[in-house]
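Student: Quick one, structure for this:
(chains A and B)
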Amino acid sequence: MKQIFSVPEIHCSSCLMLLEGLEEDHSAIKNVRTDLIKKEVEIEFDELKMSTNEIIEAIDEISGYKATPNAN
Amino acid sequence: MPNIWLVFLTGLTTGGLSCLAVQGGLLANVIGNQAEDEISSDLKNPGQISPATKKDLLNRYNNIHPNSRSAASRNNITLSIILFLISKIIAYTILGFGLGYLGTMIQLSPIARGVLMIAITIFMLGTALRMLNVHPIFRYFQIQPPRFVRTFIRRLSKNRKEDFATPAFLGALTVLIPCGITQAMMALAIGTGSPLYGAVIMFAFTVGASPLFFILAYFTTRISESLNANFVKVVAVIILIFALYSLESGLNLIGSPISYAAYKQRLELKSITSQNTNDTAANQPPVVSSEDGISQIVTINATDYGYEPRILKAKANSPTQLILVTNNTYSCSRAFVIPSLKIQEVLEETGTKTINIPPQKPGFLKFTCSMGMYTGNILFD
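Tutor: Predicted structure coming up:
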């Protein structure tokens, strides 16, 4: 499934770089698209292997940022 | 040219923190890999480490006071950071040279230079307002490297090979991911219109930023969010100061009557004019050195600190020979410009240069350096 997360603390290219690294660290994450202007990250992941909460934890782990899922 | 000390101090106080946010993560990865290798060698099955275990290992590693790390590991980390910083300084100095060169290509006339300085002002204002979160529209005021560049840099930082080429290469690659204040400095470097000055600006800034960067990277300290939020405001204010500086240069270069220098000179001219109505020869500006009826000679000394005198008087409707004198002058005052007459001269470090000015109507003729920072006026009456 695809889920957009709002990450207000995104502020530079390095943040994007860190978040894009999620797809290398977690096999359940298939694709990560970041948006510096909207301060959002769209994550395509296998919901059978990873829950939305686990994604939020993974974002916190890699960047220290708090993410909230946008309502679809 | 902006004050190099100001640029250096900006780097020293804010550059290290600001750039650490962007570039520290990369270095932390390299150091982290070293840490992982060191700790995982103690484990039975080092092999593939899960991200959670990796985080735990890194936390354990970071909690160890550097003094208790092994001497070899301490040396490796120090060397990695130093190599990272040296190559970063070299890369940014080269970048500054290139940006200054780019500036010379854009800056064909004083007016074009003025317009460029005003464009730089807008970029800086946008950057500062973005940092202050004034409106989402200001988020467009930042340079964003394409994704493939980010992927390349990230993968490189995860390189597990134990060599020192990785931190050095990463340091150089940070030119591709400049942080906010660095982007402001890059804009300043373009504005100098000189490869040498551009290089000096970027060198001073990155050298200034290095000590704090080193300390934070060595202790792998993470700045708390609240401190970071306050710190960003300080950086934004500093960028605003540089923006005002660029605006002043730009306004002077396009010969605008609205600028701080123009305001100050109007006050000075006012006092000279009022003195002249009260007194006669005693208050004549001393720089009008001779007059032969056909042409008048006016002398200006271009010094490291600007032009002396900054206000001169000459007769209107009479041709004027302007003599520019330099004596071991190394500042940008050597690049002499009269915007309204489209006169541009680059003076020797020591010497004289004569410029013929056609007869002028009564009024002020403004002159400035090519950066718009040193200015003056000839009052024709």
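Student: hang on, residue A:41 is in a strand, isn't it?
Tutor: Yes. Per DSSP: H, G, I helix; E, B strand; the rest coil, residue A:41 lies within a strand segment.
Student: Strands of the stretch 251-381 of chain B, residue ranges please.
Tutor: Along the stretch 251-381 of chain B, the stretches classed as strands by DSSP state E, counting those that start in this stretch are B:288-291, B:296-303, B:306-308, B:311-314, B:320-326, B:335-338, B:343-346, B:351-357, B:363-369, B:375-380.
Student: would you turn those into a markdown table with mean pLDDT, distance to residue A:64 and mean neighbour count?
Tutor: Heads up, the C-betas are built off the backbone N, CA and C, glycines and all. As requested, the strands of the stretch 251-381 of chain B are exported to a markdown table (pLDDT from 0 to 100; distance: least, CB to CB, whole Å; neighbours: other CB atoms under 10 Å in any protein chain shown):
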| stretch | mean pLDDT | distance to residue A:64 | mean neighbour count |
| --- | --- | --- | --- |
| strand B:288-291 | 50 | 67 | 12 |
| strand B:296-303 | 89 | 52 | 20 |
| strand B:306-308 | 89 | 48 | 18 |
| strand B:311-314 | 86 | 57 | 20 |
| strand B:320-326 | 90 | 55 | 19 |
| strand B:335-338 | 88 | 47 | 22 |
| strand B:343-346 | 84 | 51 | 14 |
| strand B:351-357 | 89 | 59 | 14 |
| strand B:363-369 | 87 | 46 | 21 |
| strand B:375-380 | 87 | 48 | 22 |
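Student: how about these in a markdown table, adding distance to residue B:213?
Tutor: A markdown table is the format used below for the strands of the stretch 251-381 of chain B (distance: least, CB to CB, whole Å):
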| stretch | distance to residue B:213 |
| --- | --- |
| strand B:288-291 | 54 |
| strand B:296-303 | 36 |
| strand B:306-308 | 35 |
| strand B:311-314 | 46 |
| strand B:320-326 | 39 |
| strand B:335-338 | 34 |
| strand B:343-346 | 37 |
| strand B:351-357 | 43 |
| strand B:363-369 | 33 |
| strand B:375-380 | 37 |
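Student: Now tabulate those in TSV and tack on distance to chain A.
Tutor: Listed next are the strands of the stretch 251-381 of chain B as TSV, based on distance: least, CB to the nearest CB, whole Å:
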stretch	distance to chain A
strand B:288-291	56
strand B:296-303	42
strand B:306-308	38
strand B:311-314	47
strand B:320-326	44
strand B:335-338	35
strand B:343-346	38
strand B:351-357	47
strand B:363-369	35
strand B:375-380	37
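Student: other SSEs contacting the worst-scoring helix or strand of chain A on mean pLDDT?
Tutor: Ranked by mean pLDDT, DSSP states H and E, the weakest helix or strand in chain A is helix A:13-20, scoring a mean of 81. Here helix A:13-20 touches strand A:29-35, helix A:52-63, helix B:25-40, helix B:147-157, going by 3 or more CB pairs under 8 Å, 6 or more residues apart in numbering or on different chains; DSSP states H and E.
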